[in-house]
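**Student:** 3D model of this:
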Amino acid sequence: MNIYKLFAIFVLMFFFITPAFSGSEEIDMLLEKIQKGSTEKKIEAIDELGSMGINATKRGAIALIPLLNDENRLVRNATMDALSNMKWEAQRAVPALIKLLKGNDAEDSYHAALALENIGNKEGLEALEKYKKRTQH
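**Tutor:** Residues are numbered from 1 along each chain as shown. Have a look, this model is predicted:
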């Protein structure tokens, strides 16, 4: 086997196979921090999960959805930002984000709008367009 084939196999293993195994353990650790940590640790874990972007898996995104109703605004904002980074993995969060978009809290609406735009779900984008029209008057 020539050196180029070996290198190609190594690259494929490193970028496609390794994250599937190591990412799962990291996600488990972050989800545990979110459940059991202080508000500060919870926000740090949410941010870390969000920084994983689409590698965070649907499981990570689904675990964040209940945090959209957290009483702490900073937790809600961090959650919306994390879901925003997860793009299509966060599809299931769209209905909850639409609810926040339509709510009375301007900061929640702002973060929900960013998340909906980045997730790119048709339902979310339609709600965002309606929201923009409603608020421009």
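**Student:** Please name the nearest non-neighbouring residue to residue 51.
**Tutor:** Nearest in space to residue 51, with sequence neighbours left out and distances taken as C-beta to C-beta, 6 or more residues apart in numbering, is residue 85 at 6.8 Å. Bear in mind the C-beta positions are built from the backbone N, C-alpha and C, glycine included.
**Student:** got it, and residue 80?
**Tutor:** Closest residue to residue 80 apart from its sequence neighbours, by C-beta to C-beta, 6+ apart: residue 111 at 3.9 Å.
**Student:** Residues contacting the helix or strand containing that neighbour, please?
**Tutor:** Residue 111 belongs to helix 106-119 when elements are defined using DSSP states H and E. Counting by C-beta atoms under 8 Å, 6 or more residues apart in numbering, the neighbours of helix 106-119 from elsewhere in the structure are 73, 76-77, 80-81, 83-88, 90-91, 93-94, 97-98, 100-103, 124-125, 127-128, 131.
**Student:** ok, 10 Å please
**Tutor:** Applying C-beta atoms under 10 Å, 6 or more residues apart in numbering, the contact partners of helix 106-119 are 61, 68, 73, 76-91, 93-94, 96-103, 105, 123-129, 131-132, 135.
**Student:** just stretch 123-130 next, same as before
**Tutor:** Stretch 123-130 is contacted from outside by 90-91, 93-95, 97-99, 101-102, 112-119, 121, using C-beta under 10 Å, 6+ apart.
**Student:** shaky segments in this protein?
**Tutor:** By pLDDT under 70, the low-scoring segments of the chain are 1-2, 4-23, 137.
**Student:** What segments of it are helices?
**Tutor:** 3-12, 18-36, 39-51, 57-64, 73-86, 94-102, 106-119, 122-136 (DSSP state H).
**Student:** circling back to that earlier point, how many neighbours does the residue nearest to residue 80 have?
**Tutor:** 24 (other C-beta atoms under 10 Å).
**Student:** From residue 131, how far out is the nearest residue to residue 95 once chain neighbours are set aside?
**Tutor:** Excluding its sequence neighbours, the residue lying closest to residue 95 (C-beta to C-beta, 6+ apart) is residue 123, at 7.8 Å. Distance, residue 123 to residue 131, using C-beta to C-beta, to the nearest Å: 13 Å.
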